[in-house]
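Give the three-dimensional model of this entry:
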Amino acid sequence: MPYSRAMKTDFNTYLVGGAVRDQLLGVPWHEHDWVVVGATPEQLVHAGFRPVGQDFPVFLHPRTGEEYALARTERKSGRGYGGFTFHATPDITLKQDLQRRDLTINAMAMDDAGVVIDPYGGQQDLSARLLRHVSPAFAEDPLRVLRVARFAARYAPLGFRVADETMQLMRELAESGELQALTAERTWKEISRALMESRPEVFIRVLHECGALAELLPEVDCLFGVPQPEAHHPEVDTGEHVLLVLRKAAEMDLPLPARWACLLHDLGKGRTPEHFWPKHHGHEAKGLAAVKAVNQRCKAPRDCQELALLTCEYHTHCHRALELKPGTLLKLFKTFDIYRRPERFEQFLGACEADARGRTGLEQRDYPQVDYLRAAATAARSADVKTLLEQGYQGAELGAALEQERLRLIAEHKQGQANQ
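So this is what the prediction gives:
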């Protein structure tokens, strides 16, 4: 059933966009976007709506608080996502408003009776599982490249793909330099949302195939075509490995910082001279500068930045956990500050497991390193400060004694594992 505004007015309102699309697909939806046709801002205010739009007229419903936007057209007036002028008057039709939208499946509306208004073939493209642009005006907004890639990631489980002609427009946008006009904030919003979709690797693949990844994340893009030892990486290609790791991260339902770390963990392999291929000795340290550059350019949140750097530098420590000496484990725990930030270490373990299992044919392989490190960390945290205080330790001596106790407990844990 359509979502009714349950409010008598002198103008027409329609449910539009994602809510219509997802109803027709039979998948859950959470947001209701409305468009108002045949009204002026003054009429909406008189009806009790509260204006909130800055760039164009948007109003909040007096009872539901949902957003209602006046039907509008737009014209390219500059570079980037914000380079548009908008025209919103009562004579703008619903069809004109829908024409400015990105994809046909997002350019449908529904009236109060549940009748779908579909002037651009959205229902046909839903059936064909196609992400197709509405009009050539698609190419005026570079942000749409990221949006289409994100929709491809969201609806990949349903069999959706990007239409060939839309992919061609995305290539043209990538080649035009327009993507450089996007703000870091807008870019990060799309990237972060895409990484949390059920198939985040599809987002990266689509960007790679249309050339946008080379513009936005060249450090990731250059991993495609870089070989790794087949004995450890049957998929060989480093870029393909990163896609497998992202898919595994989604299957494991890892949080955003861990997925960001998965995307960036192998950037050092893109800096290995070709004559060393397929080996990548020291890629962990070599990748840190690249991770820092991506973090800063995308203005990623602090928790994402920190975990990406730590995972880049220490993911092979996790893979070799069973071989590490107690002293090395103690340093690792101190670096991650497992005593005050246990959740960050858990996210690191998740990213490393996704890395280990994000390899062709090894997706279900056991990864005992996680349980081993988690238990070792628990042992280190069990060191009793109170007992040391009772023994008379204070100041720097207390800190040194605490470290020794943690080291003893880690060694005891390691010995216990060896005896099993």
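
shaky segments in the protein?
In the predicted model, the chain carries pLDDT under 70 at residues 1-10, 53-56, 74-86.

So in it, which helix runs the longest?
Ranked by residue count and defined by DSSP state H, the top helix of the chain is helix 395-418.

got the contact list for it?
Defining contact as Cβ atoms under 8 Å, 6 or more residues apart in numbering, one finds that helix 395-418 is touched by 322, 326-327, 329-330, 333, 372, 375-376, 379-380, 382-385, 388-389, 391, 393. C-beta coordinates here come from the backbone N, C-alpha and C atoms, glycine included.

One more pass at 10 Å, please.
The contact list for helix 395-418, computed with Cβ atoms under 10 Å, 6 or more residues apart in numbering, reads 322, 324-330, 333-334, 339, 368, 371-372, 375-385, 387-389, 391-394.

Just the buried residues of the residues you listed.
324, 326, 329-330, 333, 372, 376-377, 379-380, 383, 388, 393 (16 or more other Cβ atoms under 10 Å).

any idea which of those residues is closest to residue 59?
When the buried ones among the contacts of helix 395-418 are ranked by distance to residue 59 (Cβ to Cβ), residue 377 comes first, at 52.1 Å.

Am I right that the closest one is in a helix?
Yes: counting by DSSP: H, G, I helix; E, B strand; the rest coil, residue 377 is found in a helix.

quick one: contacts for it?
Counting by Cβ under 10 Å, 6+ apart, residue 377 makes contact with 329, 332, 333, 336, 338, 339, 342, 345, 346, 349, 410, 413.

between those residues, which is closest to residue 202?
Each of the contacts of residue 377 was scored against residue 202 by Cβ to Cβ, and residue 349 proved nearest at 25.3 Å.

For that closest one, which residues are in contact?
Counted by Cβ under 10 Å, 6+ apart, residue 349 has contacts 258, 311, 318, 321, 336, 367, 369, 370, 371, 373, 374, 377.

let's see it at 6 Å
Going by Cβ atoms under 6 Å, 6 or more residues apart in numbering, residue 349 touches residue 370.

Same question for the one 10 residues further on.
Residues counted as contacts of residue 359 (Cβ under 6 Å, 6+ apart) are residue 233.

Looks to me like it is in a helix.
No: checked against three-state DSSP, residue 359 lies outside a helix; its state is coil.

Look up the closest residue to residue 204, ignoring the ones flanking it.
Of all residues not flanking residue 204 in the chain, residue 243 sits nearest, at 6.1 Å (Cβ to Cβ, 6 or more residues apart in numbering).

The one you found and residue 59, how far apart?
Relative to residue 59, residue 243 is positioned 42 Å away (criterion: Cβ to Cβ, to the nearest Å).

Also residue 338?
Distance from residue 338 to residue 59, by Cβ to Cβ: 49 Å.

same thing with residue 249?
Distance, residue 249 to residue 59, using Cβ to Cβ: 40 Å.

Which of those two has more residues huddled nearby?
Neighbours per residue (other Cβ atoms under 10 Å) separate residue 249 from residue 59, with residue 249 holding more: 27 against 23.

residues contacting that one?
Residue 249 sits next to 259, 262, 354 when contact means Cβ under 6 Å, 6+ apart.

redo that, cut-off 8 Å
Neighbouring residues of residue 249 by Cβ under 8 Å, 6+ apart: 200, 258, 259, 262, 350, 351, 354, 358.

cool, residue 262 as well?
By Cβ under 8 Å, 6+ apart, the contact set of residue 262 is 242, 245, 246, 249, 254, 311, 351, 354, 355, 358.

quick one: the helix or strand that contains it to chain centroid distance?
Using DSSP states H and E, the element containing residue 262 is helix 256-264. Centroid displacement of helix 256-264 relative to its chain, using Cα atoms, centre = their mean, to the nearest Å, is 8 Å.

Okay, buried residues for the helix or strand following it please.
Sequence order places helix 283-286 as the next helix or strand after helix 256-264, per DSSP H and E. Burial within helix 283-286, assessed by neighbour count using 16+ other Cβ under 10 Å, is assigned to 283, 284, 286.

wait, which of those residues is closest to residue 142?
Nearest member of the buried residues of helix 283-286 to residue 142, counting by Cβ to Cβ, is residue 286, at 31.3 Å.

what's around the nearest residue to the closest one once chain neighbours are set aside, how many residues?
Sequence neighbours aside, residue 268 is the residue nearest to residue 286 in space, at 3.8 Å (criterion: Cβ to Cβ, 6+ apart). Residues lying near residue 268 (other Cβ under 10 Å) number 24.
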